[in-house]
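Asks: sequence first, predicted model second:
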Amino acid sequence: MIVKTVPVTQYLTTNTYFYIDEKSGHGWIIDPAAEADKLLQIIFENNWNIESILLTHGHFDHIGAVQKIADTLQIPYLINHNGNQYLSNPQFNLSAMTPEPITLENALYLKDDDIITLKVNPQICLQVISTPGHTLDGAIYYDKSNALAFVGDTIFKDSYGATHFPGGDFAQLMNSIKNKILTLPEETRLYPGHEAATSVKHEENNFK
């Protein structure tokens, strides 16, 4: 599997990820935050077949390019079942603070422990793990076979997500980190929404 990290910037710099099966060229795009044309160019240049858009949560700095990419590729976008109020409400997704409020409709909603499989190869799959705290709709996408997870803003290298935005809760966030993420195998690579990748082993030392 290929993990390609593409930092994109509009108001903030956010990591957009491509997770691609190198044999088939099929895969997912995770948190297309901004610069839709740049992301689409990468897809077309590599001749990738993106099956769906996966969202770790509904903040504006993670969803800014969703609509254009979904419309261009004619693919669905998926988010935790608590994501509707974020996608539909610029106050919740924080885009009300910008000149370009975002409202998204027609998302597909995921439950905790749902499994997302690649259509061309069902052996490649991601487990949805709900991780509320930064937002109500926080979720990570975990690939057990390849020992990695896309963790959004739940945890960063040597840090963790803010909890003062709508739906944030510090106790929930700590529970999500300690009982949902740090219980994954130590070798699990963690790909956050901002800054550098880290690992469960590295982060265990920060939450003892």
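Replies: Done, it's in.

Asks: from the centroid of the chain, which residue is nearest?
Replies: Thr56 (3.1 Å; Cα atoms, centre = their mean).

Asks: with adjacent residues omitted, what lies nearest to that residue?
Replies: The shortest distance from Thr56 to any non-neighbouring residue, by Cβ to Cβ, 6 or more residues apart in numbering, is to Gly152 (2.7 Å). For glycine as for every other residue, the C-beta is placed from the backbone atoms N, C-alpha and C.

Asks: confidence score at the one you found?
Replies: Per-residue pLDDT puts Gly152 at 98.

Asks: next one: the one 3 residues further on
Replies: In this model, Ile155 is scored at 98, pLDDT.

Asks: which parts of this protein are strands?
Replies: Assigned by DSSP state E, the chain shows strands spanning 2-9, 13-20, 26-30, 49-54, 77-80, 108-110, 115-118, 121-130, 139-143, 148-152, 155-156, 159-160, 189-192, 198-199.

Asks: now tell me what touches the longest one from outside.
Replies: Going back to what we said before, that points to strand 121-130. Contacts to strand 121-130, defined as Cβ atoms under 8 Å, 6 or more residues apart in numbering, come from residues 1, 19, 21, 23-24, 26, 28, 54, 80, 110-118, 138-145, 149, 176, 180-181.

Asks: over to the third one?
Replies: Strand 26-30 is touched from outside by 1-2, 16-21, 39, 43, 48-56, 69, 116, 118-121, 126, 141, 150, with contacts defined as Cβ under 8 Å, 6+ apart.

Asks: touching, the residue nearest to the centre of the chain and Gly193? I think so.
Replies: Yes - because the distance of 6.4 Å satisfies Cβ atoms under 8 Å, Thr56 is recorded as touching Gly193.

Asks: between these two, which contacts overlap?
Replies: Common neighbours of Thr56 and Gly193 (Cβ under 8 Å, 6+ apart) are Asp31, His62, Val151, Gly152, Asp153.

Asks: so who does the first one touch?
Replies: Taking Cβ under 8 Å, 6+ apart as the criterion, Asp31 is in contact with Thr14, Asn15, Thr16, Tyr17, Leu54, Leu55, Thr56, His62, Ile63, Phe150, Gly152, Gly193.

Asks: what of the last one?
Replies: With contacts defined as Cβ under 8 Å, 6+ apart, Asp153 is in contact with Thr56, His57, His59, His62, His134, Thr135, Gly138, Gly161, Ala162, Pro192, Gly193, His194.

Asks: among those residues, name the buried ones.
Replies: In these, burial by neighbour count holds for Thr56, His57, His59, His62, His134, Thr135, Gly138, Gly161, Pro192, Gly193, His194, counting by 16 or more other Cβ atoms under 10 Å.

Asks: in JSON lines, list the residues you listed along with distance to Glu100 and pLDDT.
Replies: Putting those into JSON lines (distance: Cβ to Cβ, whole Å; pLDDT from 0 to 100) gives the following:
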{"residue": "Thr56", "distance to Glu100": "21", "pLDDT": "98"}
{"residue": "His57", "distance to Glu100": "19", "pLDDT": "98"}
{"residue": "His59", "distance to Glu100": "14", "pLDDT": "98"}
{"residue": "His62", "distance to Glu100": "14", "pLDDT": "98"}
{"residue": "His134", "distance to Glu100": "22", "pLDDT": "98"}
{"residue": "Thr135", "distance to Glu100": "20", "pLDDT": "98"}
{"residue": "Gly138", "distance to Glu100": "23", "pLDDT": "98"}
{"residue": "Gly161", "distance to Glu100": "23", "pLDDT": "96"}
{"residue": "Pro192", "distance to Glu100": "24", "pLDDT": "98"}
{"residue": "Gly193", "distance to Glu100": "19", "pLDDT": "98"}
{"residue": "His194", "distance to Glu100": "20", "pLDDT": "97"}
